[in-house]
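Undergrad: no sequence for this one, just the structure:
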């Protein structure tokens, strides 16, 4: 494993924080009244977090030693995005809640666990 620059380690650490933040946002949004202001802000921030993750993926593949596995994880991320879009587009509250709880949270958490396990060795020292 090659030595990472400080900037690369910081980027990976920040990425891990974004992953945790998205998990927390999903837990908060579960059952939240989306007509209230605070859930709307959390929802908007969650979309921005997904955009930030997506933008950083090219750099992550470059930084990590296993580009094949990294690319596989990014393909899995696309699958999470598909479910995320279904959740965003759902109009009925019960459909939104079911999609969040039965599809989005489980698929995101599975992917997040794999991504964290892949990144952790690069930021632990």
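TA: Received, thanks. Fair warning: this is a prediction, and the values are worked out from it, not measured in the lab.

Undergrad: please enumerate the strands of this protein.
TA: Counting by DSSP state E, the chain has no strands to list.

Undergrad: what about the helices in it?
TA: Along the chain, the segments classed as helices by DSSP state H run 6-29, 37-63, 67-89, 93-99, 105-123.

Undergrad: how near is the closest residue to residue 99 other than its chain neighbours to residue 70?
TA: Spatial nearest neighbour of residue 99, chain neighbours left out: residue 87 (4.4 Å); criterion: Cβ to Cβ, 6 or more residues apart in numbering. In short, each C-beta sits where N, CA and C put it, glycine included. Residue 87 is 26 Å from residue 70, where distance means Cβ to Cβ, to the nearest Å.

Undergrad: ditto for residue 51
TA: When distance is defined by Cβ to Cβ, residue 51 is 19 Å away from residue 70.

Undergrad: out of these two, which sits in the busier spot?
TA: Using other Cβ atoms under 10 Å as the criterion, residue 51 and residue 70 rank with residue 70 on top: 19 against 10.

Undergrad: in CSV: the helices of the chain, plus mean pLDDT.
TA: As requested, those are exported to CSV (pLDDT from 0 to 100):
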stretch, mean pLDDT
helix 6-29, 94
helix 37-63, 91
helix 67-89, 90
helix 93-99, 89
helix 105-123, 93
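
Undergrad: thought the residue nearest to residue 99 was touching residue 105?
TA: No - assessed by Cβ atoms under 8 Å, residue 87 is found out of contact with residue 105, at 9.5 Å.
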